[in-house]
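# can't give you the sequence, but here's the structure:
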């Protein structure tokens with residue numbers, strides 16, 4: 001019969017969808033390298049550095065505030081990614097810092113639920129390094145770039161206790177969110193820094209590659225990235241656990257089928273990913289429904305949508321074992337909707353094209 005080509009077409013569509021959803025089928029090499037000629041490390045497309053143990057600041061819970069300094073340079077200002085994240089005992093990301101193109105994004109998760117976010121516009125500039133200081137305490141949160149105050153928020157609940165956990169540089173935890181660029185130095189303080197200290201530390205880092213502690217503001221954890229070789233980054237204080245550069249790219253605490261309410265965000269990236277997942281399953285719905293209609297299968301539309309959901313679920317389960325992919329339930333919903341759109345599209349177009357392809361089965365009205 002003239003529709004005998006439909007089974008191999010359907011198989012080809014499924015194989016294509018699986019390949020797009022699961023590629024690459026392995027953990028790639030960890031793209032982290034030492035900078036030649038200066039202190040620092042470079043993160044490629046997929047790179048991560050993790051703490052060798054549980055990061056803990058001494059006397060952290062007795063302090064009302066905390067601060068961090070990080071000297072870095074993104075590869076591109078129109079990319080996005082997380083360059084620092086911390087997770088606690090529950091394997092939940094409690095603090096993260098992201099580049100969102102030219103902007104800086106901070107998020108603190110609360111133990112009882114909910115998140116507090118801080119957005120800093122135009123923190124990064126093309127081809128220029130940025131010295132980011134984030135300091136929070138009883139006087140609110142301040143963000144400095146190159147020693148200059150760029151944002152302030154009266155209520156931002158970042159404390160030294162939030163630095164108790166697993167530290168990751170260059171990526172998020174739970175789901176991949178790789179950042180590409182260079183990091184030249186990193187320090188954590190168990191108190192809030194003043195504006196004068198933030199400005200002075202920037203000058204000290206820029207001149208000598210580290211804070212000198214002359215103002216009494218010695219860091220609780222300090223990383224200079226001056227090893228220049230090997231897979232260990234030494235902590236320079238008693239509170240600073242060593243950092244490890246894995247040989248293969250991995251995602252710390254990778255999530256399995258993350259709930260849709262946890263994944264959802266009102267961002268361009270989320271909307272674009274959802275749109276791609278809808279469109280990607282339209283051919284699957286169209287081809288399988290055409291095949292089932294040609295076989296005069298009862299409830300062809302239902303069986304087609306079930307197949308689309310099953311293929312999507314298979315992909316999401318397998319993605320939990322692939323560090324470059326995200327395992328979540330949002331994709332299952334959008335893929336299923338895309339499959340249904342494929343069915344609806346077949347019902348819409350077949351009456352129009354039947355005069356050219358008489359063999360095509362027209363849906364019953």
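In hand now; what should we look at? Just so it is clear, the structure is predicted and the values come from calculations on it, not from any experiment.

# Name the residues that touch the helix or strand hosting residue 350?
If you go by DSSP states H and E, residue 350 is part of helix 330-353. When contacts are taken as C-beta atoms under 8 Å, 6 or more residues apart in numbering, the neighbours of helix 330-353 outside the stretch itself are 258, 260, 263-264, 273-274, 277-290, 293, 301, 304-305, 307-309, 311-313, 315-316, 360-363. The way it works is simple: take the backbone N, C-alpha and C, and place the C-beta from them, glycine included.

# Now list the buried members of those residues.
258, 263, 273-274, 277-278, 280-290, 293, 301, 304-305, 307-309, 311-313, 315-316, 360-361 (16 or more other C-beta atoms under 10 Å).

# where along this protein do the helices fall?
Per DSSP state H, the chain carries helices over the ranges 6-22, 195-208, 260-263, 268-280, 282-294, 300-319, 330-353.

# Quick check: which of those helices is buried the most?
Each of the helices of the chain was scored by mean neighbour count; the highest is helix 282-294, a mean of 23, by mean count of other C-beta atoms under 10 Å.

# what's the spacing between residue 301 and residue 286?
Summarising the geometry, the distance separating residue 301 from residue 286, computed by C-beta to C-beta, to the nearest Å, is 12 Å.

# For residue 274, give me its contacts.
For residue 274, the residues meeting the contact criterion (C-beta under 8 Å, 6+ apart) are 330, 334.

# okay, the helices of the chain in TSV with mean pLDDT next?
Below are those laid out as TSV (pLDDT from 0 to 100):
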stretch	mean pLDDT
helix 6-22	95
helix 195-208	93
helix 260-263	89
helix 268-280	93
helix 282-294	94
helix 300-319	97
helix 330-353	92
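
# Just send these back as TSV, with distance to residue 94 too.
Compiled in TSV, the helices of the chain are given as follows (distance: least, C-beta to C-beta, whole Å):
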stretch	distance to residue 94
helix 6-22	30
helix 195-208	23
helix 260-263	14
helix 268-280	21
helix 282-294	39
helix 300-319	24
helix 330-353	22
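
# Quick one, which of the ones you listed gets closest to residue 170.
Distance to residue 170, taken as C-beta to C-beta, is lowest for helix 268-280 among those, at 18.1 Å.

# how's the chain carved up into domains?
The record's domain split for the chain, according to automatic domain parsing, is 6-25+258-353, 32-244.

# Out of these, which gets nearest to residue 252?
Taking C-beta to C-beta, domain 32-244 is the member of these nearest to residue 252, at 4.6 Å.

# tell me how far the ends of the closest one are from each other?
Its start and end residues considered, domain 32-244 measures 11 Å (C-alpha to C-alpha, to the nearest Å).

# roughly how far is that domain from the heart of the chain?
Averaging C-alpha coordinates over domain 32-244 and over its chain gives two centres that are 16 Å apart (C-alpha atoms, centre = their mean, to the nearest Å).

# Out of the helices of the chain, which gets nearest to residue 50?
With distances scored as C-beta to C-beta, the stretch of those nearest to residue 50 is helix 300-319 (20.6 Å).

# low-scoring pLDDT stretches of the protein, where are they?
1-3, 57-63, 89-93, 111-112, 214-216, 352-365 (pLDDT under 70).
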